[in-house]
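Colleague: I'll drop the sequence and a predicted model, then ask my questions.
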Amino acid sequence: MKFELEQILVKVQKPARYAGGEYGQIIKDKDSVDIRVALCFPDTYEIGMSNLGFRIIYGILNEIEDVWCERAFAPWIDMEEQMRANNVPLYCLESGDSLKDFDIIAFSAGYELSYTNILNILDLAGLPVLASDRSETFPLIIAGGVSVYNPEPLSDFIDLFVIGEGEEVICDLIGVVRQTKKNKAAKNEFILASAGITGIYAPALYKVDYNNDGMVSDIIKESCAAMPVKKRIVENLDDSYFPVKGIVPSTSLIHDRVVLELFRGCIRGCRFCQAGFVCRPVRSRSVETLINQAKESLKHSGYDELALLSLSTSDYKQLNELCDSLICWCEPRKIGLSLPSLRIDNFSTELLERIQKVRKSGLTFAPEAGSQRLRNVINKNVTEDDLFNTCRMAFESGWNSIKLYFMLGLPTETDEDVLAIAELANKILREWKSYAKNKSRGVRITVSTSYFVPKPHTPFQWESQISTEEYLRRVDLIRSNLKSKSITYNWHSPEQVVIEAALSRGDRRLGKVIKSAWLDGARLDSWSECFSFSKWLKAFEENGLSPEFYTSRERSLSEVLPWSVISSGVCDNHLWSEKEAAYQTIITPNCCEQCSDCGVSKNISGAPCNGK
């Protein structure tokens, strides 16, 4: 470790975030590799190292003999101050080398409030933040992740975007980098060559025109570029890489546990859910593969908890068989098994009994809406009876902690729908009083509401977002109708969600807003103690824009959406028909019951129908 860094780390909180040296990290001889990749997570170490996708890309790249992939994370405020004061550039944990010494800097961008961190990381590395200011000698800057299904707000800063699942795309990209270096070609030649890879979006090859009213009028591509750019998927998860011998961090993470990915995609079609649409189709891992991955990962890491990951865990067809096998192995070793993302309508007593064998944690469910009418609007095919039966089952089995997640501001929501959230919580408390196995322990019912964002590539992408004032009025409506101290109510900051919505639905002009906010000190915006709404409002005003143009304005079917340059595989016609079905409170069956002809199997190479 360099002397300057040693002097810095004694002055900051959680120095283990920046020290490296963890068990399982990959060290290579940098003189024997041809391509060096700095894999950057634009948030703190404990957030980034909890991200399975980040770990997968790290492992895949390091399996390539002539490639060395290292990690970097956004520093906390105290570390940034020390780095700037002591002229220490942002470095990768494995070698300690500055990011600007690498061939590729790759960002995993999972959420919009990390965008200023991307600029800050580039600046701390001594790199120009604007792509147009970086010469041929600078590293290639790429970004992937769910949030770049609308890449436009970041297009001023990023050379190439990876659309979809990065496992195969990144390897194709490495091949082009290798050939480019061999031919000593210029960066612009590399970008042109990369544009031919399915799943790569090069913003420099596209021009965006605007109407006088600020709406996008046209997106014009160069002849070598695709329109739209189609996402890439992994067809067979059993054959895909999984980090069973990953890095074991030296400090605590947000999720200190082994995570098993059961499947990708979702059969449900909830109309608000971006992940449910952009991750289609469903592709599952076999029970045998999952059991082997679990055993190897737990043996390597020493963790005492195993979590099963998916968008809807109880939809895994062989879940009971999997849980039985895992519990037989985990129980004698005192390893807990947790199942987040369970659905209320297919929860069973048998499943409940399985997951409580080692240790009993709270149960979490997401009804999303309080009334049946609104649940039909959003295609959340869950009934009140489903919820009560599940809670009754849990209380009879000895559970005394239930968490419920809802959204406020969904399309067509009324005060009656909002009040139904409070009434549901009150009714669940009555269920506990009637059916609890052990009333002496008391009960904890936690109700959490989030502020609805109409996300791109969903049936609600054309909708408007309610104002912050209206959101807070609805929060107060719930709060004033919860009748017991046993019920805790949590709600999200509306200001952060407004900026998230604007960035999620924005066009290229927001690049100037992001840069202005960052220059004014905005960073770590997903952390409430760091977020400054006033800085963002000032940045919008300085650039002649307003958040409301992107958040509060309803779109028409004929409007050119900024993200229309990207295809998730789901046709806009299908999304629009689902929007119309929402206003008629029509339920669309899940993909296993009936194919809705969304277009994924036709538009994405290698994509089967979800239900098959």
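Modeller: All right, it came through fine. These numbers were taken from a predicted model, which means no experiment stands behind them. Residues are numbered from 1 along each chain as shown.
Colleague: every contact and neighbour count from this point should use C-alpha atoms.
Modeller: Fine.
Colleague: against which helices or strands is the host helix or strand of Asn376 packed?
Modeller: Assigned by DSSP states H and E, Asn376 belongs to helix 372-377. Applying 3 or more Cα pairs under 8 Å, 6 or more residues apart in numbering; DSSP states H and E, we find helix 372-377 packed against helix 572-583.
Colleague: hmm, who's touching the helix it packs on?
Modeller: Identification of contacts with helix 572-583 by Cα atoms under 8 Å, 6 or more residues apart in numbering yields 271, 376-379, 412, 457-460, 557, 587-588, 597-599.
Colleague: now do 10 Å
Modeller: Residues from elsewhere that reach helix 572-583, judged by Cα atoms under 10 Å, 6 or more residues apart in numbering: 269-272, 277, 374-379, 411-412, 457-463, 557, 564, 584-588, 596-599.
Colleague: and the residues you listed, which are buried?
Modeller: Buried residues within the contacts of helix 572-583, defined by neighbour count using 16 or more other Cα atoms under 10 Å: 269-272, 277, 374-379, 411, 457-463, 564, 585-588, 596, 598-599.
Colleague: and the residues you listed, which of them are in strands?
Modeller: Using DSSP state E, the subset of these located in strands is empty.
Colleague: how far does the helix holding Asn376 sit from the chain's center?
Modeller: Helix 372-377 sits 25 Å away from the centroid of its parent chain (Cα atoms, centre = their mean, to the nearest Å).
Colleague: export only the CA atoms of it, formatted as PDB.
Modeller: Written as PDB, here are the backbone C-alpha positions of helix 372-377 (Å, rounded to 0.1, in the frame of the first residue of the first chain):
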ATOM      1  CA  GLN A 372     -58.800  -5.000  -5.100                       C
ATOM      2  CA  ARG A 373     -59.800  -2.600  -7.800                       C
ATOM      3  CA  LEU A 374     -56.300  -1.000  -7.900                       C
ATOM      4  CA  ARG A 375     -54.600  -4.300  -7.700                       C
ATOM      5  CA  ASN A 376     -56.500  -5.300 -10.900                       C
ATOM      6  CA  VAL A 377     -55.400  -2.000 -12.500                       C
END
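Colleague: in the helix or strand following it, what's buried?
Modeller: Later in the chain than helix 372-377, the nearest helix or strand by DSSP H and E is helix 384-396. Using 16+ other Cα under 10 Å as the test for burial, helix 384-396 gives Glu384, Asp386, Leu387, Phe388, Asn389, Thr390, Cys391, Arg392, Met393, Ala394, Phe395, Glu396.
Colleague: cool, stretch 394-414 as well?
Modeller: 394-411, 413.
Colleague: average model confidence for that stretch?
Modeller: Mean per-residue pLDDT for stretch 394-414: 92.
Colleague: pull the CA atoms of it into CSV?
Modeller: Only the C-alpha atoms of stretch 394-414 are listed here, as CSV (Å, rounded to 0.1, in the frame of the first residue of the first chain):
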residue,chain,number,x,y,z
ALA,A,394,-47.9,-17.2,9.6
PHE,A,395,-49.4,-16.2,12.9
GLU,A,396,-50.6,-19.7,13.7
SER,A,397,-47.1,-21.0,13.0
GLY,A,398,-45.5,-18.5,15.5
TRP,A,399,-44.5,-15.6,13.3
ASN,A,400,-45.0,-12.2,14.8
SER,A,401,-43.4,-9.9,12.3
ILE,A,402,-45.0,-9.0,8.9
LYS,A,403,-43.7,-6.3,6.5
LEU,A,404,-46.1,-5.0,3.7
TYR,A,405,-45.0,-2.9,0.8
PHE,A,406,-47.3,-0.6,-1.2
MET,A,407,-47.0,2.2,-3.8
LEU,A,408,-48.7,5.6,-3.7
GLY,A,409,-49.6,7.5,-6.9
LEU,A,410,-50.5,4.6,-9.1
PRO,A,411,-52.6,5.4,-12.1
THR,A,412,-56.3,5.8,-11.2
GLU,A,413,-55.6,5.8,-7.5
THR,A,414,-58.3,7.5,-5.3
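Colleague: residue contacts, the closest residue in space to Glu416 that isn't next to it in sequence?
Modeller: Nearest residue to Glu416, sequence neighbours excluded (Cα to Cα, 6 or more residues apart in numbering): Ser371, at 8.0 Å. Listed by Cα under 10 Å, 6+ apart, the contact set of Ser371 reads 377, 383-384, 413-414, 416-421, 423-424.
Colleague: ok, so of those residues, who is nearest Ile47?
Modeller: Ile421 (30.7 Å; Cα to Cα).
Colleague: where does Ala226 sit: helix, strand or coil?
Modeller: Here Ala226 is recorded as coil under DSSP: H, G, I helix; E, B strand; the rest coil.
Colleague: same question for Leu472.
Modeller: Leu472 ends up helix, using three-state DSSP.
Colleague: that one contacts Val418, correct?
Modeller: No: in this structure Leu472 lies outside contact range of Val418 using Cα atoms under 10 Å: 11.8 Å.
Colleague: joint contacts of these two?
Modeller: Contact criterion Cα under 10 Å, 6+ apart; residues shared by Leu472 and Val418: Leu408, Ile478.
Colleague: the more surrounded of those two?
Modeller: More crowded of Leu472 and Val418, by other Cα atoms under 10 Å: Val418, with 22 against 17.
Colleague: who are the neighbours in contact with that one?
Modeller: Ala369, Gly370, Ser371, Leu374, Phe406, Met407, Leu408, Gly409, Arg474, Val475, Leu477, Ile478.
Colleague: quick check: phi and psi at the closest residue to the second one other than its chain neighbours.
Modeller: This points to Gly370. Nearest non-adjacent residue to Gly370, counting by Cα to Cα, 6+ apart: Ile421, 4.2 Å away. For Ile421, the backbone dihedrals (degrees, to the nearest 10) come out as phi -60, psi -50.
Colleague: so what's Ile421 up against?
Modeller: Taking Cα under 10 Å, 6+ apart as the test, what Ile421 contacts is 367-371, 404-408, 427, 447-449, 477-478, 481-482.
Colleague: out of these, which sit inside strands?
Modeller: Per DSSP E, the contacts of Ile421 map to strands at Pro367, Glu368, Leu404, Tyr405, Phe406, Met407, Leu408, Val447, Ser448, Thr449.
Colleague: now distance to Arg508 too, for those residues, in CSV please.
Modeller: Formatted as CSV, the ones in strands among the contacts of Ile421 follow (distance: Cα to Cα, whole Å):
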residue, distance to Arg508
Pro367, 35
Glu368, 32
Leu404, 37
Tyr405, 33
Phe406, 32
Met407, 29
Leu408, 29
Val447, 37
Ser448, 33
Thr449, 31
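Colleague: okay then, goodbye and thanks.
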